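Enquirer: need a structure here:
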Amino acid sequence: MFATVMHGLLSPQNVGMIVRSHVALDGGPLIILGHERPWRFKKGTQAFSRKLERLCKITYLNTDEAFFEWCAIGGWQPVAIEIREDARPICDLEWTSRPAIIMGNERTGLSDEFLLRCHDVARIPQFGAVGSLNVAVSHAIAAHEFKRGSNGVVHFDGGKYAVEST
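Expert: Numbers count the residues shown, from 1 in each chain. Sure thing, here's the model as predicted:
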């Protein structure tokens with residue numbers, strides 16, 4: 001199981017798309033971090049989430065300290081996805097059994113201080129001339145990489161949906 005953490009995201013469309021990927025990939029807790037009040041799931045967000053936030057257990061945390069405390073209490077390992085040369089390529093990541101996949105603000109990313117407290121920092125290798133991927137696309141890739149590399153075996157049982165077996 002993985003948790004998704006949206007740290008200071010600003011775009012309703014990005015939040016909506018991340019919620020959709022989170023549900024599609026069978027994520028656990030969904031954390032909205034760094035906002036003073038709960039995220040408002042209005043039309044701009046719901047157009048992209050397809051109102052799937054109703055299926056999520058959403059926790060709102062105001063501060064980084066509250067987040068790291070939440071991780072410690074729940075046994076979650078914070079794994080930041082960040083564009084940094086010193087980050088490990090995501091395909092080489094050894095996933096923990098309970099990663100909290102952290103996506104940072106669309107413009108500023110995650111602070112150095114925050115990253116130092118994470119269990120791991122991963123980047124998504126890119127091959128073209130684009131400097132970065134959209135945060136929602138990056139989340140979908142990261143969550144899929146976790147599911148693909150987790151202990152369960154994924155197979156298709158005659159339908160279009162994957163089935164996990166351990």
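
Enquirer: Against which helices or strands is the lengthiest helix in the chain packed?
Expert: Selection of the longest helix in the chain by residue count, based on DSSP state H, yields helix 135-149. Packing contacts for helix 135-149, counted by 3 or more C-beta pairs under 8 Å, 6 or more residues apart in numbering; DSSP states H and E, involve helix 12-24, strand 77-81, strand 99-103. The C-beta positions use only the backbone N, C-alpha and C, and glycine is treated the same way.

Enquirer: name the helices or strands packed onto the longest one?
Expert: Yep, that's helix 12-24 we're talking about. strand 3-7, strand 30-33, helix 43-49, helix 135-149.

Enquirer: Between strand 77-81 and the longest helix of the chain, find me the angle.
Expert: Relative orientation of helix 135-149 and strand 77-81, computed by axes from the mean of the first three to the mean of the last three C-alpha atoms, to 10 degrees: 130 degrees.

Enquirer: starting at the chain centroid, how far to helix 135-149?
Expert: 7 Å (C-alpha atoms, centre = their mean, to the nearest Å).

Enquirer: now stretch 107-125
Expert: Counting by C-alpha atoms, centre = their mean, stretch 107-125 comes out at 12 Å from the chain centroid.

Enquirer: again, but for stretch 50-57
Expert: On C-alpha atoms, centre = their mean, the centre of stretch 50-57 falls 15 Å from that of its chain.

Enquirer: related to what we said a few turns ago, would you mind finding the most buried of the helices and strands packed on helix 135-149?
Expert: strand 99-103 (a mean of 26; mean count of other C-beta atoms under 10 Å).
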